[in-house]
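1. Structure for the following, please:
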Amino acid sequence: MYARDRLGSLGLFALAAVCWSIVGLLFTTRSPVGDVGVQLAGAGLLGLALGVTTVPLFWLAVFARRRGIAYRGEWLRAGRRGTWVGILAALFVVLRSQDAFSWPIAAFAVAMVAFVEVSLSVER
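-> As a prediction, this is how the structure comes out:
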């Protein structure tokens, strides 16, 4: 692992800590009951916080699985996977806040993300 990889991971974890503190500030100061703006802001901030948190975790998981070898493009792949996690989290929060969440919709969204990720991650 190079120093740039360590700094990237630590920087993303620091950014995640900032995002989680903003989420905590929003959730302790504003009520989402009846306020669609707060609901959407909460969904977006939760998605961002989860996405930023999972990017270095995805990279570290692949780095450990390959026994300490980092290939070119792994940060982009980890970023894409973190983005998917953030999008799914925001989608689920929005659906839940609008009383439109159902397990078949959630399973379909997860299956679609898994299908896209598998098709984009194929080793050639």
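
2. need the helices for this protein, in chain order.
-> 3-29, 36-65, 74-97, 103-120 (DSSP state H).

3. would you list the ones you listed in a markdown table and tack on mean neighbour count?
-> (Each C-beta comes from the backbone N, C-alpha and C, glycine too.) Below are those laid out as a markdown table (neighbours: other C-beta atoms under 10 Å):
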| stretch | mean neighbour count |
| --- | --- |
| helix 3-29 | 14 |
| helix 36-65 | 18 |
| helix 74-97 | 18 |
| helix 103-120 | 11 |
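
4. now the ones you listed as TSV including mean pLDDT?
-> Putting these into TSV (pLDDT from 0 to 100) gives the following:
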stretch	mean pLDDT
helix 3-29	92
helix 36-65	93
helix 74-97	94
helix 103-120	94
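
5. Can you tell me the centre-most residue of this protein?
-> Geometric centre of the chain, nearest residue: G51, 2.0 Å, by C-alpha atoms, centre = their mean.

6. residues in contact with that residue?
-> Each residue near G51 by C-beta atoms under 8 Å, 6 or more residues apart in numbering is listed here: 82-83, 85-87, 89.

7. how about 7 Å then?
-> Remark: with contacts taken as C-beta atoms under 7 Å, 6 or more residues apart in numbering, G51 is in contact with 82-83, 85-86.

8. Skip the chain neighbours and tell me the closest residue to it.
-> Spatial nearest neighbour of G51, chain neighbours left out: G86 (2.6 Å); criterion: C-beta to C-beta, 6 or more residues apart in numbering.
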